[in-house]
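Novice: Need coordinates for the below:
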Amino acid sequence: MGKIRGVRITLIEKVEVGKDPFGNAIFDVKEIAVDNVLVSPSSTDDIANQLNLTGKKAVYTLGIPKGDTNAWEDREVIVFGERYKTFGAVLEGIEDLIPLGWNKKVMVESYE
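Specialist: Numbering: from 1, shown residues only. Sure thing, here's the model as predicted:
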């Protein structure tokens, strides 16, 4: 068996760059490539639980690599060329107690 490896995804970060004449925020979009992210289809239980709790349908669960410092809550991501949005809390384990290379996970829903 080979070593487990994740894929590269793109995290979309919106950075406020100013205000329009009406005082509304103007954002610039920054794309951040993140390597070695595990992507797994959400389980039936996860889908049902999230649908009941949040009204959102989980499509994938992302495993975030150890040492990653990006913000993942309520962010757009591009996975396999499709756009999704993260939702819910980012669950994080204690890095030193988890044997593999990932210690955080977040769910994503379809984003239109």
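
Novice: Output the lowest mean pLDDT helix or strand found in the protein.
Specialist: Using mean pLDDT, DSSP states H and E, helix 44-54 stands out as the lowest-scoring helix or strand of the chain, at a mean of 76.

Novice: Give me the helices and strands touching the lengthiest strand in the chain, please.
Specialist: Scanning the chain for the longest strand, with DSSP state E as the assignment, gives strand 25-41. With contacts taken as 3 or more C-beta pairs under 8 Å, 6 or more residues apart in numbering; DSSP states H and E, strand 25-41 sits against strand 7-19, strand 60-65. C-betas here are computed from N, CA, C, even on glycine.

Novice: Compare those and give me the one nearest I47.
Specialist: strand 60-65 (10.2 Å; C-beta to C-beta).

Novice: What pairs with the helix or strand just after that closest one, parallel or antiparallel?
Specialist: Going down the chain from strand 60-65, the next helix or strand is strand 76-79, by DSSP states H and E. Strand pairing for strand 76-79, using DSSP bridges, gives strand 7-19 (antiparallel), strand 82-92 (antiparallel).

Novice: what is the mean pLDDT for the last one?
Specialist: Which is strand 82-92. Averaged across strand 82-92, the pLDDT comes to 92.

Novice: outside of it, which residues touch it?
Specialist: Residues from elsewhere that reach strand 82-92, judged by C-beta atoms under 8 Å, 6 or more residues apart in numbering: 50, 54, 56, 58-60, 62, 64, 72-78, 103-111.

Novice: what about the residue of the chain positioned farthest from its centre, which SS state?
Specialist: Residue farthest from the centre of the chain, counting by C-alpha atoms, centre = their mean, is P21 at 33.0 Å. Following DSSP: H, G, I helix; E, B strand; the rest coil, the label given to P21 is coil.
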